[in-house]
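>>> Give me a 3D structure for the following:
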Amino acid sequence: MIYEFIAGGATTGTVNATASVVITGAHTPTVIDFLSGGVGMKNKIKYIIIILIIIALIPIPHHIKDGGSVVYKALLYSVTKVHRISMSADNAYDVGLTIEILGKTVYDKTDMSGE
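The predicted model follows:
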């Protein structure tokens, strides 16, 4: 005996007497579909653009040996947490934050502190 059902709108399926479920309808594309050409060209371009945007936004930390500064650098932006030994005074540090987007400094707040 086979029963038909509708779950979630467009997805349909059948259930037989042994309680196994066969779902037909919408198919989510997988990596295998993508590589074998089972996904349309517009979808491939869309996936590639999304992956490139994600890669461009993921920062990689770089620790600088100037007293403890850390630069978080991605392709599109850079954030620097400044903590460096000051050249102008003894026993003082420059501390602050610098943000660059596409190579242009949009925020620079660096002060000297006497730690």
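
>>> those helices in the protein, which residues are they?
Applying DSSP state H to the chain gives helices spanning 31-36, 41-57.

>>> can you put those helices in CSV and add mean neighbour count and mean pLDDT?
No exception for glycine: its C-beta is placed from N, CA and C like everyone else's. As requested, the helices of the chain are arranged in CSV below (neighbours: other Cβ atoms under 10 Å; pLDDT from 0 to 100):
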stretch, mean neighbour count, mean pLDDT
helix 31-36, 11, 64
helix 41-57, 11, 87
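
>>> any weak-confidence spans in the chain?
Scanning the chain with the threshold set as pLDDT under 70 gives 1-39, 114-115.

>>> Please parse it into its domains.
3-56, 59-113 (automatic domain parsing).

>>> related to what we said a few turns ago, is it possible to get a markdown table of the helices of the chain that adds distance to L76?
A markdown table is the format used below for the helices of the chain (distance: least, Cβ to Cβ, whole Å):
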| stretch | distance to L76 |
| --- | --- |
| helix 31-36 | 25 |
| helix 41-57 | 5 |
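
>>> Looking at these, which is nearest to I85?
Judged by Cβ to Cβ, the one of these that comes nearest to I85 is helix 41-57, at 31.7 Å.

>>> buried set for stretch 78-85?
Across stretch 78-85, burial judged by 16 or more other Cβ atoms under 10 Å covers 78-80, 82-84.

>>> Those residues in strands, which ones?
Members of those lying in strands (criterion: DSSP state E): 78-80, 82-84.

>>> Can you tell me which of those residues lies closest to I55?
Nearest to I55 among these, counting by Cβ to Cβ, is S78 at 15.3 Å.

>>> ok, that closest one to G68 distance?
Shown here: S78 relative to G68, a distance of 17 Å by Cβ to Cβ, to the nearest Å.

>>> List the contacts of Y77.
Contacts for Y77 (Cβ atoms under 8 Å, 6 or more residues apart in numbering) come out as 57, 59, 99-102.
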